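# Dropping the sequence and predicted coords here.
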Amino acid sequence: MTALTSATETTFAQLGVRDEIVRALAEEGIEHPFAIQELTLPLALAGDDVIGQARTGMGKTFGFGVPLLQRITASAATRPLSGAPRALIVVPTRELCIQVTEDLATAAKYLIADEGRRLAVVSIYGGRPYEPQIEALRAGADVVVGTPGRLLDLSQQGHLQLGGLSVLVLDEADEMLDLGFLPDIERILRQIPAGRQSMLFSATMPDPIITLARTFMVQPTHIRAEAPHSAATHDTTEQFAYRAHALDKVELVSRVLQAEGRGATMIFTRTKRTAQKVADELAERGFKVGAVHGDLGQIAREKALKAFRNGEVDVLVATDVAARGIDIDDITHVINYQTPEDEQAYVHRIGRTGRAGKTGIAVTLVDWDDMPRWAMIDKALGLGIPDPAETYSNSAHLKAELGIPSEAKGTVGTARKSPVKRRVTESAGRGEGSHRNSDRKEGDKPARARSGNRRRRTRAGEPVTGHPAGGAPASSNGDAAADTPQAAGSGDGAGPNAAGGANPRRRRRRKPAESAAAGTTAN
């Protein structure tokens, strides 16, 4: 065991990494390995099975990626890289799939496969059309990075061949356990040749992961990049917890976002609806903000992440789906808008800052109802903050501890309306069905769905076409219903099945005599 957590003086070349990979990494400013990489590379390059454990942001991707690329290209003399998958990396989330693919493609850009073709690294994940991924597999995929569900789909359809694999990697294995992917992992393992090299990497190592490792790995070497007594969180991350009122949280967060030295910031919520609501409100306050959560399509999520990486937005509001796979070294602040579910979720969230030896700040806002949950997190991690101070957006200790200027207000520049909310408002004004509304309560239904549940009145098996003048149609619960255009037009021949195909939106006002006559006919 070693307590090294930052890059060492050793070089990749000294560890036996081939020149093409060393050159590609050097062009990205990566010349010295981190502790997990330095400890892993000699064993992995020799073909041993490895279990690598290190905190988030300590270089696990190149810890398995570099030896993986070197081994499959070194064996090309005896087993040519024909385009059939030779290595498989299984990851739990789409965001992590994209990130790992980009990292491996960077390291492999000077590696050549058969017939002068560059080594191909292909990503396979859900939320995207099947066809481009199938075409990429057909064109040649030497290394496949994928999420379990889509990997199984394409394997069962015959587009992904796993019989020729020589290296298997499970990345962020503890997250796969949390997301319930272990049955899918076991199904994938049954399709892979037994004579392969296996590597498993994770930030934490719960018992089910150890059990899984024993079933598919052969005498693995367990490598941990920190001493056993090391804290689960980065020493370079300063952590704060405040007991905050739900109605004051956005105002409080807007002050934190104006702290001195604040750079790229991630805000985590537990629910999709809260993530969108917070993003909308911060946008209205003038902040450059994006959102990543499950209610957004995959394309929208990728655009938000790209904008965050490029600096177009400097605040990203996300659910835990984005806690893995965002590999940005200069995130200065992480804000837990809602208390994480447990200590592992807390570790992964705040692991977005304080990476690669840099400093960071983590702020957790604890609701009164979440105090028991926070107490368990604090005890498990030994944070020493069992009873967070009651804090509001104008609290003096908040400004002093986080370096917030005294003149900071709840807005920056000119407040503007969130584009998402603006589209919702405009569509509602036109009478159209709006898209998912982040402010709608759980269980609420759109107006269209509610109106569809009304019972149609009949008499003697025939629909009633009117009601006596001066009366009101009965509602489904027996009460008198409000006089609405829909009710008034129910017997005027304007329905969609009326003769002549009249437009159902078109209504004409009935004369009193006509209403009375219609009511007499119905009776």
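Everything's here; your move. Note that the structure is a prediction, hence the values are computed from the model and not measured.
# where does the stretch 251-400 of the chain have low pLDDT?
321-327, 329, 355-357 (pLDDT under 70).
# all strands for the stretch 151-300 of the chain, in order.
167-171, 197-202, 221-224, 237-244, 264-268, 289-292 (DSSP state E, counting those that start in this stretch).
# Kindly format the C-alpha coordinates of stretch 161-175 as CSV.
Provided in CSV are the C-alpha atoms of stretch 161-175 (Å, rounded to 0.1, in the frame of the first residue of the first chain):
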residue,chain,number,x,y,z
GLN,A,161,-19.5,-10.3,-31.1
LEU,A,162,-17.9,-11.0,-27.7
GLY,A,163,-16.3,-14.3,-28.5
GLY,A,164,-12.9,-12.8,-29.5
LEU,A,165,-12.3,-10.7,-26.4
SER,A,166,-8.9,-10.9,-24.7
VAL,A,167,-9.4,-8.1,-22.2
LEU,A,168,-12.4,-7.2,-20.0
VAL,A,169,-12.7,-4.2,-17.7
LEU,A,170,-15.5,-3.3,-15.3
ASP,A,171,-15.2,0.4,-14.5
GLU,A,172,-17.0,2.0,-11.5
ALA,A,173,-18.2,-1.4,-10.4
ASP,A,174,-19.8,0.0,-7.2
GLU,A,175,-22.0,2.2,-9.3
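# Can you mark which positions in it are buried?
162, 165, 166, 167, 168, 169, 170, 171, 172, 173, 174, 175 (16 or more other Cβ atoms under 10 Å). C-beta: built from backbone N, CA, C; applies to glycine.
# Double-check that residue 105 belongs to a helix.
Yes: per DSSP: H, G, I helix; E, B strand; the rest coil, residue 105 lies within a helix segment.
# and it, what pLDDT?
For residue 105, the pLDDT comes out at 95.
# ok, now the one 3 residues further on?
Looking at residue 108, its pLDDT stands at 94.
# quick one: it and residue 117, what's the gap?
12 Å (Cβ to Cβ, to the nearest Å).
# same thing with residue 73?
12 Å.
# Check residue 243 too.
Distance from residue 243 to residue 117, by Cβ to Cβ: 59 Å.
# between those two, who's got more neighbours?
Comparing residue 243 with residue 117 by other Cβ atoms under 10 Å, the one with more neighbours is residue 243, at 18 against 14.
# residues in contact with that one?
Residues in contact with residue 243 (Cβ atoms under 8 Å, 6 or more residues apart in numbering) are 366, 367, 368, 371, 388, 389, 390, 391.
# hey, what's it bridged with?
Beta bridges link residue 243 to residue 366, residue 390, judged by DSSP bridges.
# going forward can the numbers begin at 19, since that is how I track them
Understood, numbering begins at 19; the last thing we discussed is residue 261.
# Tell me, what's the model's pLDDT at it?
Value listed for residue 261 in the pLDDT field: 97.
# how far does stretch 365-383 stretch from start to finish?
In stretch 365-383, first residue to last residue: 15 Å (Cα to Cα, to the nearest Å).
# Buried ones in it, by neighbour count?
Neighbour count says stretch 365-383 has 365-374, 376, 378-383 buried, by 16+ other Cβ under 10 Å.
# Then stretch 349-359?
For stretch 349-359, by 16+ other Cβ under 10 Å, it's 349, 350, 351, 352, 353, 354, 355, 356, 357, 358.
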